[in-house]
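S.K.: would you be able to build a 3D model of this:
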Amino acid sequence: MRERITAVLLRARYAAIGAAVGAAIGGLFSRNAASTGGAIGGLVGATVADTRGTVDTLLEDIRERDPRSDDLDAE
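M.R.: Sure thing, here's the model as predicted:
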């Protein structure tokens, strides 16, 4: 359960950062662009968080299955 909450909070953090960056860049042009930039930035941030979580899980699974990873831990 804790992992699930952590993943949700990570996604929310990335979405908020993406929205802030998008709104800041859009704000250089106009209010409407700031609103649009914030929305697009939020979507991009959430997508990045989901992708990152998927990649981290995939890499962890690969490390568990790869016999060479045990050799690296022993060194």
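
S.K.: per-residue confidence averaged over the lengthiest helix in the chain?
M.R.: In the chain, with assignment by DSSP state H, the single longest helix is helix 31-65. Helix 31-65 carries an average pLDDT of 87.

S.K.: and that helix, how far from the chain's centre?
M.R.: Relative to the chain's own centre, helix 31-65 is displaced by 3 Å; criterion: C-alpha atoms, centre = their mean, to the nearest Å.

S.K.: buried ones in it, by neighbour count?
M.R.: Burial within helix 31-65, assessed by neighbour count using 16 or more other C-beta atoms under 10 Å, is assigned to A34, G37, G38, I40, G41, G42, V44, G45, A46, A49, G53. In short, each C-beta sits where N, CA and C put it, glycine included.

S.K.: correct me, but the third one touches A19?
M.R.: Yes - counting by C-beta atoms under 8 Å, G38 touches A19, with 4.5 Å between them.

S.K.: need the contact list for the residue nearest the centre of the chain.
M.R.: Nearest to the mean C-alpha position of the chain, by C-alpha atoms, centre = their mean, lies A49 at 1.9 Å. If you count contacts by C-beta atoms under 8 Å, 6 or more residues apart in numbering, A49 has them with L10, R11, R13, Y14, A15.

S.K.: tell me which two of the residues you listed sit farthest apart.
M.R.: Checked with C-beta to C-beta, these reach their widest spread between L10 and A15, with 9.6 Å between them.

S.K.: which one of those two has more residues nearby?
M.R.: A15 (19 against 14; other C-beta atoms under 10 Å).

S.K.: so the host helix or strand of the more buried one versus helix 31-65, what angle?
M.R.: Counting by DSSP states H and E, the element that carries A15 is helix 2-27. Angle between the axes of helix 2-27 and helix 31-65 is 150 degrees (criterion: axes from the mean of the first three to the mean of the last three C-alpha atoms, to 10 degrees).
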